[in-house]
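Enquirer: next comes the sequence, and after it the predicted model I'd like to discuss.
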Amino acid sequence: MTAYEVSRGLGTDCFGLAGELTEEEVERWRRVRAFVDEEVLPVINGYWERAEVPVDLVRRLGDLDLVGDGIDGYGCAKMTPTASGLVAMELHRGDGSLATVHGVQSGLAMRSIALLGSDEQKERWLPRMARMEALGAFALTEPEHGSDSVALGTTARRDGAAYVLDGTKRWIGNGAMCDVAVVWARGDDGQVQGFLVERGTPGLHAEPITGKGAMRAIHQADVRLEGVRVPLDARLPGAGSFRDAGRVLAATRAGVAWAALGHATAAYEAALSYAQQREQFGRPLAAFQIVQDRLVRMLTELTAMQLYCLRTSRLEEAGGLTGTMASLAKVHNTRKARAIIADARDLLGGNGILLEHHVIRHMGDMEAIHTYEGTETIQTLIVGRDITGRSAFA
C-alpha cells in the first residue's frame, strides 16, 4: 500500500506575511512549528484514538517556554499577541486537543488569575502553571447554561470564614486532571464571582465526558460541587460580576481565530501534499485542472484567514481591538476553516477518513472549535448588535 507523506508543515504564506513579523515572533513560530512536526504529529493519532491526554507533550509546553499567553512576569512566556497567536495556530495545526489544553491553561485559567487575582494568588499559581507543573481549568459553563452562561446557577454563600459552593459544571477543559479550577458562581449579592478551588477539596467531583467525536485527547469534564468549602482568600478579588468573566473570554476570542487558522492550514497542506503524490489515470492529482481549482480556492480562503489573524493581533497590541472585531474574526475563520477542511477531506477521497492522513481528526476537532468560546450564532449576534444598534439576543 502506498504511503503518503502529508504531515510536515509547508509554511504556507502566499502574501509574505512572515515579513511583517518581528524576530522574536519568527523565532517563537519556528520553535513551536518544530515541536509540532518532530514531537506531536508522529504520535498524536494514537492519543486521539485512545482518548488519552498526551501528558508528556503537555509538560513539554512548559519546557519550551510557550505558556502564559503574554502575561507579564511570574515566569510566564513574554509574547506579543501576534506571537501568542502563532503559538496557538501551530499547536492547532498539530492537534486541537493539545492546543486546547494549552489554551485553557494560558488563556482562561492563568489569565483569570493574572487579571482578577490577588498578588498572593498570582505568586502561588502563575509560576508553577507557566512551567506546566500545575494544571488549571476554567469552570463557567453548566449543563443548562452554555451560551447563556450569564444565567449560571452555581452558588457561593458566605459561611463564617469560608465560602460554600454548590452546583454543576459541564464541558470543563482540564477539569478532571487540574490542580486548580477557576470556578464561577453566583454570590450572596446575586453577582457572579470567581473562586480558586484546588484538587482534592472535599465535595469536588469531576468525571471526563466520554463518547466524543472531537477533541478526544483532552478530558473535558462534568464537575459537581457539593458543599465545597473554600477559604475567604480563595475568592478572586477582581471578579465581582459576569462582566469580569467576560473580560477573560473577550481576551481569548481572537485566539480562536488563530486556532481555526491552524486547523485549516493543516488540512490545506495535507491536501496539497497528497495531490502531488497520489496518481490516478496515469498522473498526479495535482495535474488535473479541477484539483488545481480546488486547491487555489482553499488557498484564497486560507490567506484571508491569515490576514484576519494578523490584523486582529496588531490591533490588540495597539489597544484598538474591540469585542466586536474579535467576534467577527472568530465567525469568519471558523466558517472558512470548516469549508477548507471539508474540501481537503473530499480531495483525499477514501484516504481522507484515515487518521494517518490527519485531515479527519482536524475535521472533528474543528467542529468543537466552531462551538466553544461562544458559538457562531452568539458571535454573529454580537456583531449584529454593534452594526445595527439593536439587540436580537431575546
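Expert: On my side now, so go ahead. Numbering: from 1, shown residues only.

Enquirer: quick check: mean pLDDT of stretch 304-322?
Expert: The predicted model gives stretch 304-322 an average pLDDT of 95.

Enquirer: now do the strands in the stretch 151-300 of the chain.
Expert: 155-159, 162-172, 180-186, 192-198, 204-208, 221-231, 279-280, 283-284 (DSSP state E, counting those that start in this stretch).

Enquirer: dump those to JSON lines, plus mean pLDDT and distance to Leu302.
Expert: Heads up, the C-betas are built off the backbone N, CA and C, glycines and all. Conversion of the strands of the stretch 151-300 of the chain to JSON lines gives the following (pLDDT from 0 to 100; distance: least, CB to CB, whole Å):
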{"stretch": "strand 155-159", "mean pLDDT": "97", "distance to Leu302": "45"}
{"stretch": "strand 162-172", "mean pLDDT": "97", "distance to Leu302": "29"}
{"stretch": "strand 180-186", "mean pLDDT": "97", "distance to Leu302": "34"}
{"stretch": "strand 192-198", "mean pLDDT": "97", "distance to Leu302": "37"}
{"stretch": "strand 204-208", "mean pLDDT": "97", "distance to Leu302": "33"}
{"stretch": "strand 221-231", "mean pLDDT": "97", "distance to Leu302": "33"}
{"stretch": "strand 279-280", "mean pLDDT": "93", "distance to Leu302": "25"}
{"stretch": "strand 283-284", "mean pLDDT": "96", "distance to Leu302": "21"}
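
Enquirer: which other helices and strands contact the top helix by length along the chain?
Expert: Within the chain, and with DSSP state H defining each element, the longest helix by residue count is helix 242-277. Packing partners of helix 242-277 (3 or more CB pairs under 8 Å, 6 or more residues apart in numbering; DSSP states H and E): helix 81-94, helix 96-103, helix 111-116, strand 192-198, strand 283-284, helix 289-317, helix 323-347, helix 359-371.

Enquirer: what does the pLDDT read for Ala394?
Expert: In this prediction, Ala394 carries a pLDDT score of 66.

Enquirer: please disregard the earlier target; I meant Glu90.
Expert: The predicted structure scores Glu90 at 97 on the pLDDT scale.

Enquirer: so it makes contact with Val32?
Expert: Yes: Glu90 lies in contact with Val32 (CB atoms under 8 Å); the separation is 4.3 Å.

Enquirer: looking at those two, which one has more neighbours?
Expert: Regarding Glu90 and Val32, a neighbour count based on other CB atoms under 10 Å identifies Glu90 as having more, with 28 against 23.

Enquirer: show me the contacts for that one.
Expert: If a contact means CB atoms under 8 Å, 6 or more residues apart in numbering, then Glu90 has 9, 29, 32-33, 35-36, 262 as its contacts.

Enquirer: give me the lowest-pLDDT entry from these.
Expert: Gly9 (85).

Enquirer: quick check: it vs Glu269, distance?
Expert: To Glu269, Gly9 is 6 Å away according to CB to CB, to the nearest Å.

Enquirer: report the beta-bridge partners for Glu207.
Expert: Each beta-bridge partner of Glu207 is listed here, defined by DSSP bridges: Asp222.

Enquirer: neighbour-wise, which of Gly9 and Glu269 wins?
Expert: Counted by other CB under 10 Å, Gly9 and Glu269 do not tie: Glu269 has more neighbours, with 22 against 16.
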